[in-house]
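Asks: When you get a sec, could you give me coordinates for this:
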Amino acid sequence: MKRFDQINVIPFIDIMLVLLAIVLTTASFIAQGTIPVDLPVAETTAPLPDTEATEITLERDGSIYVDGEAVHPDALDRHLAQLSGDFHVLLRVDAGAAFGAFVGVVDRLKAHRLTHVTIVTRHAT
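Replies: Reported below is the predicted structural model:
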């Protein structure tokens, strides 16, 4: 029987390269974790709050997402009912979304007494 004086590291390197590829692919998805919307431009902007917040996204076609999960407009009330009044909400609205849809979401936030609402915009450059 042949005795091995060295450890073969080639399989170890192969596994490490596969794991590196998985980590890099996953990291790119995490970095793009938000729903892409064309945010409106504003001259005056403020930094987003550092506190934990629920993110509500309203797309151009009127579809609504709560923390990245698609929600039917009628089911939005059920999600908002789970939040307390002092909870922060980030509202991301596509610049091309209908104003009526925006008003509808804001009205539901007010109905649930959620007053800490930040409307996310892009800074004009």
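
Asks: What mean pLDDT does stretch 76-86 get?
Replies: Stretch 76-86 shows a mean pLDDT of 83.

Asks: And it, what's buried?
Replies: Within stretch 76-86, the residues scored as buried using 16 or more other CB atoms under 10 Å are 76, 79-80, 83. For every residue, glycine as well, the C-beta is placed using N, CA and C.

Asks: for the residues you listed, which one is nearest Leu19?
Replies: For the buried residues of stretch 76-86, the closest approach to Leu19 (CB to CB) belongs to His79, at 36.3 Å.

Asks: ok, back up a step: how about the buried residues of stretch 76-86 in CSV, adding secondary structure and distance to Glu43?
Replies: CSV is the format used below for the buried residues of stretch 76-86 (DSSP: H, G, I helix; E, B strand; the rest coil; distance: CB to CB, whole Å):
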residue, secondary structure, distance to Glu43
Leu76, helix, 30
His79, helix, 32
Leu80, helix, 30
Leu83, coil, 30
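
Asks: can I assume Ile119 sits in a strand?
Replies: Yes - assessed with DSSP: H, G, I helix; E, B strand; the rest coil, Ile119 lies in a strand.
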